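Student: Sharing a sequence plus its predicted fold:
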Amino acid sequence: MNHFVRAALIVVAAATAALAGLVLLGGASTVVLDLLYFVPLVAAPALCLGRAASSPRDRTAWALVGVGSLAWLLGDLYWSLFLRGLEEQPFPSVADWLFLAFYPPVYLALVLLLRTRL
C-alpha cells in the first residue's frame, strides 16, 4: 500500500471517528457534521478511480466502483445543497436518480471481480 493511500485511509478513519463522536455527544454544527460526513464520500471514488488508473489488474471493475461511488457522492451533495431544507422534497429528484445510478456499475464490478477470482 503506497503512502498516499495509507494517508487517505487514515484521514477517512479519523473523520469517521470524529463524526461518530460528535453525533454521540451532540452540539456540533451542521457544517462541521457535513464536512466530516463527506470525507469518506469523496475519498471512495477518488481511491477507486486512482486504483483503476494505477493498476491494470481489475481496472474496469475498480473504475466501475469509482463511477458508482461518484454518482452516490453527487446525489448526496445535491440533496445536501438543494433539498435538505425544503419542507416538501420532490420525488423523484435528481438526487434519487444519482443514488440509483450507484447500483448498476457496482453490480457489474462485483460480477467482474468474482469472475476473475472463481
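Tutor: That came in fine, so what should we check first?

Student: So what's the gap between the longest helix seen in the chain and the chain middle?
Tutor: Looking across the chain with DSSP state H, the single longest helix is helix 30-54. Its chain's C-alpha centre and that of helix 30-54 lie 5 Å apart, by CA atoms, centre = their mean, to the nearest Å.

Student: ok, now stretch 15-22?
Tutor: Relative to the mean C-alpha coordinate of its chain, stretch 15-22 is positioned 16 Å out (CA atoms, centre = their mean).

Student: swap in stretch 103-115?
Tutor: With CA atoms, centre = their mean, you get 16 Å for stretch 103-115.

Student: neighbouring contacts of it?
Tutor: With CB atoms under 8 Å, 6 or more residues apart in numbering as the test, stretch 103-115 has contacts from 58, 60-62, 64-65, 67-69, 71. From N, CA and C alone the C-beta is placed, and that goes for glycine too.

Student: List buried residues within those.
Tutor: 58, 61-62, 64-65, 67-69, 71 (16 or more other CB atoms under 10 Å).

Student: So for this structure, which residue is the most central one in space?
Tutor: The structure's the chain has its C-alpha centroid closest to residue 41; by CA atoms, centre = their mean the separation is 3.1 Å.
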